[in-house]
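S.K.: Make a model of this:
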Amino acid sequence: AGRTTTAQLSGGTISITNVGVFGIDAGTPILHPGEKAILALGAVRRMPWEYRDGIALRQVLTLSLSFDHRLVDGAEASAFLADVGAVLADPGMVLTMV
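M.R.: As a prediction, the model looks like this:
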């Protein structure tokens, strides 16, 4: 029926949500009990962006990360978010992260 139950959402460490489907760029999703973090993906928008020493129209999306600061340090969360962004920008680089 296209419905996810609360039981199906339990037991995870991190989850991903798509707030961009509602046409917004960022959000602050609430963590499900037991989760450490939730990554929100915003709307994909064509925007002027620095690209190859110039400005070009690029597809850009905003990433938001909510996390339990009792369990995750802000520096680690920021590094994780930067790594996700880098992989989305250049998927082949994930091979260098192993």
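S.K.: Flag the shaky bits of this protein, pLDDT-wise.
M.R.: Where the chain drops to pLDDT under 70, the residues are 9.
S.K.: for it, what spans make up the strands?
M.R.: Listed in chain order, the strands of the chain (DSSP state E) span 14-18, 37-41, 45-51, 54-60, 63-67.
S.K.: now those strands as TSV including distance to Gly74?
M.R.: C-beta here means a position set from N, CA and C on the backbone, and glycine is covered the same way. Output for those, formatted as TSV (distance: least, Cβ to Cβ, whole Å):
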stretch	distance to Gly74
strand 14-18	16
strand 37-41	12
strand 45-51	26
strand 54-60	24
strand 63-67	8
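S.K.: Make a markdown table out of the ones you listed and add distance to Met93 and mean neighbour count.
M.R.: Shown next, in a markdown table, are the strands of the chain (distance: least, Cβ to Cβ, whole Å; neighbours: other Cβ atoms under 10 Å):
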| stretch | distance to Met93 | mean neighbour count |
| --- | --- | --- |
| strand 14-18 | 20 | 14 |
| strand 37-41 | 18 | 20 |
| strand 45-51 | 16 | 11 |
| strand 54-60 | 17 | 11 |
| strand 63-67 | 16 | 18 |
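S.K.: Relative to Thr5, which of those is closest?
M.R.: The minimum distance between Thr5 and the strands of the chain falls on strand 14-18, with 14.1 Å, by Cβ to Cβ.
S.K.: name the helices or strands packed onto that closest one?
M.R.: Contact partners of strand 14-18 among helices and strands, from 3 or more Cβ pairs under 8 Å, 6 or more residues apart in numbering; DSSP states H and E: strand 37-41.
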